[in-house]
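1. coords below, sequence missing:
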């Protein structure tokens, strides 16, 4: 029997990010109430979570205010209405927002200097073909005083040569963290091993961290996050009750229950789930189900499964299977 226990994971440099409001905003067009956002914020602070991603920095021209809630734009007045004059020094929590490459974010004008914002971190998200703009965004935000991350999305659809080139570029950037993003929830442990080791080798000697953002189509989001941690990833994402687009994300309550860091407290998370997240079940559909499982198995974007789950026959799994197999 192996006498080592690599799953015993207490290490101070391991940081947890809550992306409940940002990722969950993909199922309700970011129409969370102030009370809902405030509850997640208070739970993150009280639970000792290191980062909270409060929403997107997406351009109102592309995501009009008539359709999308305030957490799709994260204007300072909206954030301050909920978190007050938030500071990391007072709370131990860093606030983050995500800015998308590809024209979704007016990042040159929409993001103010860090000294004038309650935000501490800008997470830049891109597809691999958008890496050039993403690096420009990283450098812009870094110059404004933010901690930055580079999140290369849908990595399961990218060839190894493209991954290598993107990582070579990212390793030279100012991003403090490069995140493995399983957008389609399709990766297995062996693929997580391969990617985390590849990302780690690419940033060796730079001081950068590797992150993990897992989706739950194959019900492996927690397991894959644990595997990434065992292999040395020090930045991991989770959401309350797995709230997120489609099959959802790694559940925060399970992740904190697994980690051996005494600074994390589980009760505030469970309280927020009970009073804030659980009632959303009456309005929104998320979490593992057969349609999401099938898109995960076939490495497909979950949009077809989301549409099916919003149709008049959400539980006609056989119908979804037949339609999907016809289209593949």
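-> Looks like it came in fine. These numbers come from a predicted model, not from an experiment.
2. Every contact and neighbour count from this point should use C-alpha atoms.
-> Will do.
3. and the helix or strand hosting residue 271, what does it pack onto?
-> Element membership for residue 271, per DSSP states H and E: helix 267-272. Counting contacts by 3 or more C-alpha pairs under 8 Å, 6 or more residues apart in numbering; DSSP states H and E, helix 267-272 packs against helix 34-47, helix 252-258.
4. Please identify the helix or strand for residue 54.
-> Counting by DSSP H and E, residue 54 is found in strand 51-56.
5. What angle do helix 34-47 and that strand make with each other?
-> Comparing the axes of strand 51-56 and helix 34-47 via axes from the mean of the first three to the mean of the last three C-alpha atoms, to 10 degrees yields an angle of 160 degrees.
6. Downstream of strand 51-56, the next helix or strand is which one?
-> Toward the C-terminus, strand 51-56 is succeeded by helix 76-83 as the next helix or strand (DSSP H and E).
7. Flag every buried residue along that following helix.
-> Using 16 or more other C-alpha atoms under 10 Å as the test for burial, helix 76-83 gives 79, 82-83.
8. where do the strands sit along the protein?
-> Shown for the chain, the strands assigned by DSSP state E span residues 15-18, 51-56, 94-100, 121-126, 147-152, 177-182, 209-214, 235-238.
9. In contact with residue 102, which residues?
-> 126, 130, 133 (C-alpha atoms under 8 Å, 6 or more residues apart in numbering).
10. what's the first-to-last distance across stretch 299-308?
-> The straight-line separation of the ends of stretch 299-308 (C-alpha to C-alpha, to the nearest Å) is 17 Å.
11. Check which residues of that stretch are buried.
-> Buried, per 16+ other C-alpha under 10 Å, within stretch 299-308: 299-302, 304-306, 308.
12. Name the residues that touch the strand holding residue 54?
-> Contact with strand 51-56 is made by 15-23, 25, 30, 37, 41, 44, 71-74, 93-99, as judged by C-alpha under 8 Å, 6+ apart.
13. please redo it, this time with the cut-off set to 7 Å
-> For strand 51-56, the surrounding residues in contact (C-alpha atoms under 7 Å, 6 or more residues apart in numbering) are 16-19, 21-22, 44, 71-74, 93-99.
14. Stretch 239-246 too?
-> The contact list for stretch 239-246 (C-alpha under 7 Å, 6+ apart) reads 18-20, 23-24, 26-27, 248-253, 273, 286-287, 292, 302, 306.
15. Quick one: mean pLDDT for that stretch?
-> The average of the pLDDT scores along stretch 239-246 is 96.
16. Pull up the distance across it, start to finish.
-> With C-alpha to C-alpha as the measure, stretch 239-246 spans 13 Å from end to end.
17. And for stretch 93-113?
-> Stretch 93-113 has an end-to-end distance of 19 Å (C-alpha to C-alpha).
18. buried sites along that stretch?
-> The neighbour-count check on stretch 93-113 (16+ other C-alpha under 10 Å) flags 93-101, 104-107, 111-112 as buried.
19. how close does residue 153 get to residue 28?
-> Taking C-alpha to C-alpha, one finds residue 153 at 21 Å from residue 28.
20. Between these two, tell me which one has more neighbours.
-> Using other C-alpha atoms under 10 Å, the more surrounded residue of residue 153 and residue 28 is residue 153, with 19 against 15.
21. That one is in contact with residue 123, isn't it?
-> No: using C-alpha atoms under 7 Å, residue 153 is not in contact with residue 123, being 11.9 Å away.
22. check contacts around residue 235.
-> Counting by C-alpha under 7 Å, 6+ apart, residue 235 touches 14-16, 209-212.
23. which of the residues you listed has the most neighbours?
-> residue 211 (30 neighbours).
24. between the contacts of residue 235, which is nearest residue 268?
-> Sorting the contacts of residue 235 by how near they are to residue 268, with C-alpha to C-alpha, puts residue 16 at the top with 15.0 Å.
25. Do I have it right that the closest one meets residue 47?
-> No: at 10.7 Å, residue 16 does not count as touching residue 47 under the criterion of C-alpha under 7 Å.
26. burial measure for residue 159, as a count.
-> 10.
27. What does it show for phi and psi?
-> Backbone torsions of residue 159, given as degrees, to the nearest 10, read phi -70, psi 160.
28. The chain should start at 33 in everything you say after this.
-> Got it, the first residue is 33 from now on, which makes the last one we talked about residue 191.
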